[in-house]
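Visitor: Need the 3D shape of this:
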Amino acid sequence: MERLLISSFLCFLAVNVTAQSGADLQHYQQLYHGADAVFIKNDRSVNVSLDKGALSIYQDDYEDLMLLGNNVNKYSESSVGYSSLIDLVYLDAKTMVPEKNKYRTEEAKDIVTQQSLAGSIFYDDYKEKKIYFSGLEPGARRIVSSREQVKMPQLLPPFFFQSYAPCEKSTYEISVPDNVNIEYHLFNVPENDVHFSMEQKKDEKIYKWEYQNVAGISFIDDDAPGIGYFMPHIVVRVTNFTADGKANPILGSADDLYKWYYGFIRNVNQSYSAQLKQLVDSITLTARSDEEKARQIFYWVQDRIRYVAFEEGMAGFIPRAADSVCDKRYGDCKDMAGLLTRMLREAGLNAYPAWVGTRDIPYTYEQLPSPLVDNHMISALQLNGKYFFLDATSKHLGLQYPSSFIQGKEALIAIDSSKYKIERVNEVEAEQNAVTDSFRLAIDQRVLNGTGVKHLVGYPQQNFAYFLSDLSSTNFKKGLEARLAVGNNKYLLDTFKIVNRDERDKDLIVNSKFHIADYVQQAGDEIYVNMNLDRPYYNDLLDTATRKLDREIDYKSLTRQHYEIEIPAGYEVEYLPSSSSFRNDSFNYEIKYTQSQGKVMLDKTITVNCLLLARKDFPDWNNLVHQLSKAYNEAIILKKKA
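Guide: Okay, here's the model as predicted:
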């Protein structure tokens, strides 16, 4: 069967190359004016068949890229990814070099296999064939053809119609026997832009989607959502098939997905472990409540089990035994979730393993019951009438906080062999992610002396704790000075003290004493001081003309700043900046100056109360930033008394 499929695939490639051999460089340069290259074709053809009562799936990818400009070196490399579960069966890469009215073929001889890290929490045995092309010049065509075997029908990949260069025609085709049923979902495709057809042959159906003149996407804005939110693509699922008179569900519903998933954890961590029981009892010895037990166990796993991403084949789905993970002191997210769940249960708590997707994945389980919805595992603890979503891979984080990258996502919680729940992970409110700074300042000629007290909670606390853990002992003060620096580049940290460094349930506090040279400006009998030493979001304007995508925000946040500056003896306030504010439901700020008892005070609050800035909100955001930046440039003026 495989030999027959490869033979037919080679015939398919020959037809494609011959059909485009008369492609005219001038024609495509005129049609795609300004583009460096164009995909003449970007195709995927999937063949599903039944072999001895089991599904056999092969997918053929074909790319034909014509170079249009002189900047050909940027297209000298390409790659084809694969793994043990989506295995590379065949690869052909070549350059069709124009020569008079024909093409001369230069095979890509430099093809290198390299290991690759997946861009998510999971790491598997994903590899890449890195292809280096020769013979590139305007009018040359870079052709890559590959065949892969999809070894599990649940893992049928999505197909993206769009790529980094414009495409004349992008096609996705799937052929299935009559006794195999599929469903499909189109994402980010403008209505009527994709032409759909279905052809019934003798014993099979052929479904085809064609998208013509697809725009290229050469640049993705910083902090943009994941590509699934904006790039046009299709996801096809095999829902079920019939073989030998028996119905076989695959991915027709969330029930089917859960049944498949539960098979991976059914026999893991089910037996009693005296070792784990003894460990849990010792960890929770001083706990006075169930919540305190959960806290102590969660923090123990965070602190003592190292996250190591290593997966291969089915190990990407099946967690290792909790005893083994505990003994070795390392594991991936599934292993750590399994260990944490088991330890919480040993303490008499209701904890369950749960699958969840990171925020760069756009799908829901109801919309798309597929492994494409999730890429991570955590432990879901049911306590005090609510769920706590505990991610032991996310260090320095309190019990109340899910990891920031799963906020708002759905968690598929495994209750038992037949019961599950789909719960939405909470979004942490801004007040729980607060950074509060208090500065006391004194003027010494052109030097500004100061003391600072910084309180951090929530995700800012976690980020600062990560920062501290990465500092070397030899450069600790210098590193901390760079992090705390305010005012100008002449900030020097004199002394510091860190409080509650390892206390996740208390504010992380940083006390500092510092001085900033050449910060105070003097002119005649006047002193000018800008009290806005720290300026979050200064000039953080979004270009509404060039930015095409929404802006993703890591977490909602609250910034509070209080400044006090002593008025030097013999001086009085000549100018105090006006108060300033901006407010809407998603973001706001307020700046207020006051004077009392020989001091000038500045109080500032900034709240960002959303996880996504949609393009429609950019004008309001820019209005806030413009007003805030203008306020930042204001200085108080102190004048010598007459």
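Visitor: Show me the strands in the stretch 1-150 of the chain, by range?
Guide: Secondary structure of the stretch 1-150 of the chain by DSSP state E, counting those that start in this stretch: the strands cover 37-51, 54-67, 77-82, 86-99, 102-107, 110-115, 127-132, 141-150.
Visitor: Give the buried residues for the fourth one.
Guide: Pointing back at strand 86-99 there. For strand 86-99, burial by neighbour count (16 or more other C-beta atoms under 10 Å) applies to 86, 88-91, 93-98. (C-beta placed from N, C-alpha, C; glycine too.)
Visitor: could the strands of the stretch 1-150 of the chain be laid out in TSV, adding distance to residue 371 and mean pLDDT?
Guide: Converted to TSV, the strands of the stretch 1-150 of the chain look like this (distance: least, C-beta to C-beta, whole Å; pLDDT from 0 to 100):
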stretch	distance to residue 371	mean pLDDT
strand 37-51	17	97
strand 54-67	15	97
strand 77-82	16	95
strand 86-99	12	96
strand 102-107	36	94
strand 110-115	22	90
strand 127-132	19	95
strand 141-150	12	98
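Visitor: just the buried residues of strand 86-99 now: which is nearest residue 68?
Guide: residue 98 (12.1 Å; C-beta to C-beta).
Visitor: okay, now the domains of this structure?
Guide: Using automatic domain parsing, the domain parsing of the chain gives 2-249, 255-427, 431-640.
Visitor: Can you pull the poorly scored residue ranges out of the stretch 201-350 of the chain?
Guide: Low-confidence segments of the stretch 201-350 of the chain (pLDDT under 70): 310-311.
Visitor: Which of the helices or strands spans residue 170?
Guide: strand 167-177 (DSSP states H and E).
Visitor: tell me which strands and helices the next helix-or-strand element following that strand is in contact with?
Guide: Moving toward the C-terminus from strand 167-177, the next helix or strand (DSSP H and E) is strand 180-187. Packed against strand 180-187 by the contact rule (3 or more C-beta pairs under 8 Å, 6 or more residues apart in numbering; DSSP states H and E) you find strand 204-214, strand 233-243.
Visitor: Just the buried residues of the first one, please?
Guide: Burial within strand 204-214, assessed by neighbour count using 16+ other C-beta under 10 Å, is assigned to 204-205, 207-211, 214.
Visitor: Return the closest of the buried residues of strand 86-99 with respect to residue 429.
Guide: residue 86 (40.7 Å).
Visitor: hmm, back to that, out of the buried residues of strand 204-214, which is nearest to residue 625?
Guide: Top of the list for closeness to residue 625, among the buried residues of strand 204-214 and by C-beta to C-beta, is residue 214 at 34.4 Å.
Visitor: so that closest one sits right up against residue 161, yeah?
Guide: Yes: under the criterion of C-beta atoms under 8 Å, residue 214 makes contact with residue 161 at 5.3 Å.
Visitor: Can you check which residues contact both of the two?
Guide: 42, 167, 170, 232 (C-beta atoms under 8 Å, 6 or more residues apart in numbering).
Visitor: Run a quick neighbour tally on the last one.
Guide: Spelled out, it's residue 232. Counted with other C-beta atoms under 10 Å, the neighbours of residue 232 add up to 20.
Visitor: I'd like a version of the buried residues of strand 204-214 in TSV, one that adds distance to residue 616 as further columns.
Guide: TSV is the format used below for these (distance: C-beta to C-beta, whole Å):
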residue	distance to residue 616
204	46
205	41
207	36
208	35
209	30
210	32
211	26
214	25
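Visitor: so which of the residues you listed comes closest to residue 128?
Guide: Taking C-beta to C-beta as the measure, residue 128 lies nearest residue 214 of those, at 24.0 Å.
Visitor: distance of the closest one from residue 170?
Guide: Counting by C-beta to C-beta, to the nearest Å, the separation of residue 214 from residue 170 is 5 Å.
Visitor: Quickly list what's touching both of those two.
Guide: Between them, residue 214 and residue 170 share these contacting residues under C-beta under 8 Å, 6+ apart: 39, 42, 161-162.
Visitor: Name only those of these that count as buried.
Guide: Taking 16+ other C-beta under 10 Å as the criterion, what is buried in the shared contacts of residue 214 and residue 170 is 39, 42, 161-162.
Visitor: Format the buried residues of strand 86-99 as a markdown table; extra columns: distance to residue 243.
Guide: Compiled in a markdown table, the buried residues of strand 86-99 are given as follows (distance: C-beta to C-beta, whole Å):
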| residue | distance to residue 243 |
| --- | --- |
| 86 | 23 |
| 88 | 27 |
| 89 | 24 |
| 90 | 27 |
| 91 | 31 |
| 93 | 37 |
| 94 | 40 |
| 95 | 44 |
| 96 | 43 |
| 97 | 48 |
| 98 | 50 |
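Visitor: Select, from those residues, the two members most distant in space.
Guide: Across these, no pair lies farther apart than 86 and 98, at 34.6 Å, counting by C-beta to C-beta.
Visitor: returning to that earlier point: of the domains of the chain, which stretch is the most buried?
Guide: With neighbours defined as mean count of other C-beta atoms under 10 Å, these peak in mean count at domain 255-427, which reaches a mean of 19.
Visitor: what's the first-to-last distance across it?
Guide: Taking C-alpha to C-alpha, to the nearest Å, the first and last residues of domain 255-427 lie 26 Å apart.
Visitor: quick one: secondary structure of the spatially most central residue of the chain?
Guide: The centroid of the chain falls nearest to residue 360 when counting by C-alpha atoms, centre = their mean (4.6 Å). Recorded secondary structure, residue 360: coil (DSSP: H, G, I helix; E, B strand; the rest coil).
Visitor: Over to residue 452?
Guide: Following three-state DSSP, the label given to residue 452 is strand.
Visitor: Identify the spatial nearest neighbour of it, chain neighbours not counted.
Guide: In this structure, residue 452 finds its nearest non-sequential neighbour in residue 512, 4.5 Å apart by C-beta to C-beta, 6 or more residues apart in numbering.
Visitor: Now the one you found: which helix or strand?
Guide: strand 508-516.
Visitor: just to revisit the earlier point, of the buried ones among the shared contacts of residue 214 and residue 170, which is the nearest to residue 470?
Guide: Using C-beta to C-beta, residue 162 comes nearest to residue 470 of these, at 37.5 Å.
Visitor: Let me see the contact set for that closest one.
Guide: So residue 162 contacts 170, 214-217, 231-233 (C-beta under 8 Å, 6+ apart).
Visitor: Among these, give me the pair with the biggest separation.
Guide: Of all pairs drawn from the contacts of residue 162, the greatest distance, 14.9 Å, lies between 216 and 233 (C-beta to C-beta).
Visitor: nearest residue to residue 586 other than its sequence neighbours?
Guide: That would be residue 610: by C-beta to C-beta, 6+ apart, it lies 4.3 Å from residue 586.
Visitor: can you pull the pLDDT of that neighbour?
Guide: Listed pLDDT for residue 610 reads 98.
Visitor: The one 4 residues further on too?
Guide: Confidence at residue 614, expressed as pLDDT, is 96.
Visitor: That one against residue 553, yeah?
Guide: No: checked against C-beta under 8 Å, the pair residue 614 and residue 553 is beyond contact range at 11.2 Å.
Visitor: follow-up on the earlier one: any idea which of the strands of the stretch 1-150 of the chain gets closest to residue 275?
Guide: Closest approach to residue 275 among those (C-beta to C-beta): strand 110-115, 34.5 Å.
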